[in-house]
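Chemist: Any chance you can model this:
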Amino acid sequence: MPKQLRELFALICVFNGPANPTELFHQFEDQLIEDSLIQETRENAIQNALHEIQTTLSLHGIAADLLTNGRTAHSGFKFPIPLLETSTSSMRIPSPESEKIEKASLIIIGEASVLSGNALRVINNLLKEIMNSQRPFGGKVFLLGGDFRQTAPVIPRASDAAIIESSIKQSNLWRFVTKLSLTENMRIEGQQEFNRWLIAIGNGTISDGEEHGNDLIEIPQQMHSSGNIVQDIFCISLIVDTNEEIEAVIGKIILTPKNNYVLQLNNNVLDLIQGKSIFYTSVDSIAYDNIESEANYHVEFLNSQTPSGMPPHVLKLKKSAIIMLLRNLNPRKGLLNETRLIIISLNDLYIHGKMISWNKKGEEAFIPRNDLTPSDTSLPFKTTRRQFPVITAFTMTIKKSQGQSFNNVGLYLPSPVFSHGQLYVALSKTSNINNLKILAENSIVGDRVFIKDIVLQELLQ
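Modeler: Numbers count the residues shown, from 1 in each chain. Got it, this is the predicted structure:
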């Protein structure tokens, strides 16, 4: 697979910074040019391979999202991380990216409920500069798609007031928005009672637990878990060999509020797959500008940390497991953050997988180890973890599931939801009420199950 090997070589150059990439190329030269040698001289085959690798390197960071030729807002508008009140776009003007925006007749942004007011301000200023116009958004037409019943902008450890203040509805640019409403939920057509119940939960107008608390929702009996949410969704064994079996598995998911629950459940589902588990251990370190911190914190402490968006120190994988990327690797090839793949084989230096999501479904790729630094952490210093940038993807946080839909959904709540819209998002991930199971620990009263709902009414007004 010379083509995939060339992509792997480019990714290693981008993320791992080999000391001598030329020597590395010549070490594996025969394998990298094997397909071109059939029709080309060796010299031309080498030049073609180097050109392809260079193209991959230059296109790194131009992301495509769910839609063909689409991008995430962070990538498309070059948002900095973190996005602050003083932030500006890093996009160069002129550049190929700015020229595409200038020529666009319509710009569509989905999941607008999670877009912050700061993001909207950055977009407005960028478009004014690109279009050389002081009109709002440079005179460009925007279509913002979203449901404000869903989760709001993420602000770690923020108060409700801060979350409300960060919403695009609080931006002074919101007055330029004309609001249009969709009236029919096409995903749950024919289940009007379920639809009305979901809308009431999203609006915060339903409460069934007056004697226990006004924010409690009673779960219908048919949604109750048997007590084992993994078996409720994935049965007692998991076979992922044929295309039909793969399609069945990728249509199933267990959702939960917190990352530590995700890691636990993913390992439980992984145990259902036949075969030997392979364990990959990360190398963790403190950034060079924190020498004093390195003396105060032992490596065992760094190993114990798993910040949001990072793989664990000990990564447990199996052949045929479903995995999800945790960062953009090669957007042009479909290797994006949250892209899901099925593992074909596991090796010491790379993972061989086949994409099962987005518009590159069926294409194969090699995933190398990367140096990853979390963008948000409670630690007073920056850390780096060298690990494969993946986690198993049988389970995900409610937040990460936004914008997706599944056939069978389990909701695991060892602790209640903790932010606006989480319950509404989780319960609306399937189109069939009979394919939804909920396990809510410490929420059972007799034979009734109550779960918490959090709705910030200011975001719905």
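Chemist: can you tell me the helix or strand for residue 108?
Modeler: strand 107-109 (DSSP states H and E).
Chemist: Helix or strand next in line after that strand, which one?
Modeler: Counting by DSSP H and E, what follows strand 107-109 is helix 117-131.
Chemist: tell me the contacts of residue 321?
Modeler: Shown in contact with residue 321 (CB atoms under 8 Å, 6 or more residues apart in numbering): 240, 270, 273, 342-343, 392. C-beta: built from backbone N, CA, C; applies to glycine.
Chemist: Can you tell me which of the residues you listed is nearest residue 5?
Modeler: Ranked by distance to residue 5 (CB to CB), those are led by residue 343 at 17.7 Å.
Chemist: That closest one: what's it in contact with?
Modeler: So residue 343 contacts 317-323, 351-353 (CB under 8 Å, 6+ apart).
Chemist: For beta bridges, what are the partners of it?
Modeler: Beta-bridge partners for residue 343, by DSSP bridges, are residue 353.
Chemist: which stretches of the protein aren't confidently modelled?
Modeler: Scanning the chain for pLDDT under 70 picks out the ranges 14-17, 19, 51-71, 184-190, 207-214, 288-296, 358-359, 376-377, 444-446.
Chemist: per-domain residue ranges of this protein.
Modeler: Listed by automatic domain parsing, the domain ranges of the chain are 2-59, 73-176, 188-235+398-459, 243-250+262-394.
Chemist: Could you dump those domains into CSV with distance to residue 182 added?
Modeler: Converted to CSV, the domains of the chain look like this (distance: least, CB to CB, whole Å):
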stretch, distance to residue 182
domain 2-59, 36
domain 73-176, 9
domain 188-235+398-459, 12
domain 243-250+262-394, 24
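Chemist: Out of these, which is closest to residue 256?
Modeler: domain 188-235+398-459 (4.4 Å).
Chemist: Could I get the full set of strands for the stretch 351-461 of the chain?
Modeler: 364-368, 370-372, 383-387, 390-392, 395-397, 408-413, 436-440, 444-445, 448-452 (DSSP state E, counting those that start in this stretch).
Chemist: for the fourth one, packing partners?
Modeler: Other elements packing on strand 390-392 under the criterion 3 or more CB pairs under 8 Å, 6 or more residues apart in numbering; DSSP states H and E are helix 259-270, strand 314-317, strand 322-325.
Chemist: repeat for the last one
Modeler: Based on contacts counted as 3+ CB pairs under 8 Å, 6+ apart, the elements that strand 448-452 packs against are strand 216-218, strand 436-440.
Chemist: follow-up on the earlier one: taking the contacts of residue 321, tell me the two that lie furthest apart.
Modeler: Spatial extent of the contacts of residue 321 (CB to CB) is set by the pair 270 and 342 at 12.9 Å.
Chemist: residue nearest the centroid of this protein?
Modeler: residue 338 (3.9 Å; CA atoms, centre = their mean).
Chemist: Can you tell me the closest non-neighbouring residue to it?
Modeler: Distance criterion CB to CB, 6 or more residues apart in numbering; nearest residue to residue 338, sequence neighbours excluded, is residue 324 at 6.0 Å.
Chemist: before we move on, what about residue 276?
Modeler: Excluding its sequence neighbours, the residue lying closest to residue 276 (CB to CB, 6+ apart) is residue 318, at 7.1 Å.
Chemist: go on, residue 310?
Modeler: According to CB to CB, 6+ apart, the nearest residue to residue 310 is residue 374 (5.3 Å).
Chemist: and residue 244, what is it in contact with?
Modeler: Residue 244 neighbours (CB under 8 Å, 6+ apart): none.
Chemist: where's it, which helix or strand?
Modeler: Per DSSP H and E: residue 244 is located in helix 243-250.
Chemist: Now for residue 280, how many residues are close by?
Modeler: 18 (other CB atoms under 10 Å).
Chemist: Assign it to helix, strand or coil.
Modeler: strand (DSSP: H, G, I helix; E, B strand; the rest coil).
Chemist: Counting neighbours, what do you get for residue 370?
Modeler: Around residue 370 there are 22 residues (other CB under 10 Å).
Chemist: re earlier: pull the distance from the helix holding residue 244 to the chain's centre.
Modeler: 21 Å (CA atoms, centre = their mean, to the nearest Å).
Chemist: Start the count at 767 instead of 1 going forward.
Modeler: Taking 767 as the first residue, the last one we looked at is helix 1009-1016.
Chemist: Only C-alpha atoms, please: export that helix in CSV.
Modeler: C-alpha atoms of helix 1009-1016 as CSV (Å, rounded to 0.1, in the frame of the first residue of the first chain):
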residue,chain,number,x,y,z
ASN,A,1009,-20.0,-5.1,6.1
GLU,A,1010,-23.4,-5.8,7.5
GLU,A,1011,-22.0,-6.3,10.9
ILE,A,1012,-19.9,-3.2,10.7
GLU,A,1013,-23.0,-1.1,9.7
ALA,A,1014,-24.9,-2.5,12.6
VAL,A,1015,-22.2,-1.7,15.1
ILE,A,1016,-21.6,1.9,13.9
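Chemist: Counting neighbours, which bits of it end up buried?
Modeler: Using 16 or more other CB atoms under 10 Å as the test for burial, helix 1009-1016 gives 1012, 1014-1016.
Chemist: what element comes up after it heading to the C-terminus?
Modeler: Taking DSSP H and E, what comes next after helix 1009-1016 is strand 1018-1022.
Chemist: Tell me, how many residues neighbour the nearest residue to residue 870 once chain neighbours are set aside?
Modeler: Nearest residue to residue 870, sequence neighbours excluded (CB to CB, 6+ apart): residue 906, at 7.1 Å. Counted by other CB under 10 Å, the residues lying close to residue 906 total 20.
Chemist: just residue 1102 next, same as before
Modeler: 23.
Chemist: gap between it and residue 1028?
Modeler: Separation of residue 1102 from residue 1028 (CB to CB, to the nearest Å): 19 Å.
Chemist: Residue 1102 and residue 1080, how far apart?
Modeler: 25 Å.
Chemist: so how far is residue 910 from residue 946?
Modeler: On the measure of CB to CB, residue 946 and residue 910 end up 10 Å apart.
Chemist: Looking at these two, which has the bigger crowd around it?
Modeler: residue 910 (17 against 7).
Chemist: and that one, how far is that from residue 852?
Modeler: Counting by CB to CB - residue 910 and residue 852 are separated by 24 Å.
Chemist: for residue 981, same thing?
Modeler: 36 Å.
Chemist: So which of these two has more stuff around it?
Modeler: Neighbours per residue (other CB under 10 Å) separate residue 981 from residue 852, with residue 981 holding more: 16 against 7.
Chemist: isn't that one right up against residue 1219?
Modeler: Yes: the criterion here is CB atoms under 8 Å, and residue 981 meets it with residue 1219 at 5.6 Å.
Chemist: just so I have it, where are all the helices in the stretch 817-966 of the chain?
Modeler: With DSSP state H, counting those that start in this stretch, the ranges of helices along the stretch 817-966 of the chain come out as 839-842, 862-869, 883-897, 926-932, 958-969.
Chemist: Out of those helices, which is closest to residue 1136?
Modeler: helix 839-842 (17.5 Å).
Chemist: picking that back up, what helix or strand is the residue nearest to the centre of the chain located in?
Modeler: Assigned by DSSP H and E, residue 1104 belongs to no helix or strand.
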